[in-house]
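Chemist: Starting from these lines, generate the structure:
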Amino acid sequence: MGRARSGHFDPVLSGLPEEDGSEQLVIQEKVKKESETHGDVIQMNFVDSYQNLTIKTLMMMRWLDVHCPQTRYGMKVDADVFVNIFYLKSYLKGDMCFFSSCPRRSFITGSVIRDGTPRRNSKSKWHVSEQEYSEDTFPPYVSGAGYVFSWDLAGRISWASRFIRPIPLEDVYVGLCLSLLDVRPEYAYSLVPFVSNLFEVRNLDYDRCKFAKLLLVNGFSPSELLAAWRILSQAMQTAESKYRHTKTSIIKDILQERLSK
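Modeler: A predicted model of the protein is given here:
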């Protein structure tokens, strides 16, 4: 769930409830209350279902392009995903990148899938018919669980979508748009020995040391997300406090040494 904090706006994009009748009204009332309390919900006119995820993602891109022109990066993330905001900020600034900082244009990173193929079985959740997509392979794309992209891509992906037929797999569809734009997704390599991919798209039990060196992990319930966030944020604040104390002590020692000369 997004929040507006320290100059950052983390909105939750929502469509209309998929449920019918009284349950729809209950959910809509909860969405309204969340928006009134935190001001972090963007609701648009489409049914919020799995089959409409492509529509949802494109609406997100268009909204970001129009309303956030000063933004450097955007992030799309699923509701069951834990995001390590502390590590993500350091990564984008270049502390963990192979660049001086992550690129500001034509940049998208996540768990990159380079060997994706359409599933033709009509019973599959990820079914794509030959009428929807006739090729035997997909171009490289990033898993829809969570990915980060430079702001310029929001408008460019919106533009590219005019020329590409929609398919229900939103992450693959974004990959099709990227292919048209000649943009290749970047794999987020880790310099930590036990972590190969900073976007860990698989279920992991919470481990503070591991999670401190990952950008995201998926497969959490709302209560698990809250618990993991509290533990990690407290640990990071403690570590930052110790770092500041150590840094201040070192500066004092240097000044005293210079003054004594």
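
Chemist: Checking my notes, Lys76 in a strand, right?
Modeler: Yes - assessed with DSSP: H, G, I helix; E, B strand; the rest coil, Lys76 lies in a strand.

Chemist: My guess is it contacts Thr57. True?
Modeler: Yes - counting by C-beta atoms under 8 Å, Lys76 touches Thr57, with 6.4 Å between them. Placement of C-beta: from N, CA and C, glycine included.

Chemist: shared neighbours of these two, anything?
Modeler: Contact criterion C-beta atoms under 8 Å, 6 or more residues apart in numbering; residues shared by Lys76 and Thr57: Gly144.

Chemist: between the two, who's got more neighbours?
Modeler: Neighbours were counted for Lys76 and for Thr57 using other C-beta atoms under 10 Å; Lys76 has more, 23 against 20.

Chemist: partners of that one in the sheet?
Modeler: Lys76 forms beta bridges with Tyr147, as assigned by DSSP bridges.

Chemist: quick one: it from Leu92, how far?
Modeler: 15 Å (C-beta to C-beta, to the nearest Å).

Chemist: ok, now Val183?
Modeler: Taken as C-beta to C-beta, the span from Val183 to Leu92 is 17 Å.

Chemist: Could I get the full set of strands for the stretch 1-150 of the chain?
Modeler: 4-5, 8-9, 12-16, 41-47, 73-77, 81-83, 108-113, 141-150 (DSSP state E, counting those that start in this stretch).

Chemist: Identify whichever of the ones you listed lies nearest to Arg119.
Modeler: Minimum separation from Arg119 across those (C-beta to C-beta) falls at strand 108-113, 13.2 Å.

Chemist: And for the closest one, what's in contact with it?
Modeler: 102, 138, 140-143, 145-150, 153, 171, 178, 183, 185-188, 197, 199-201.
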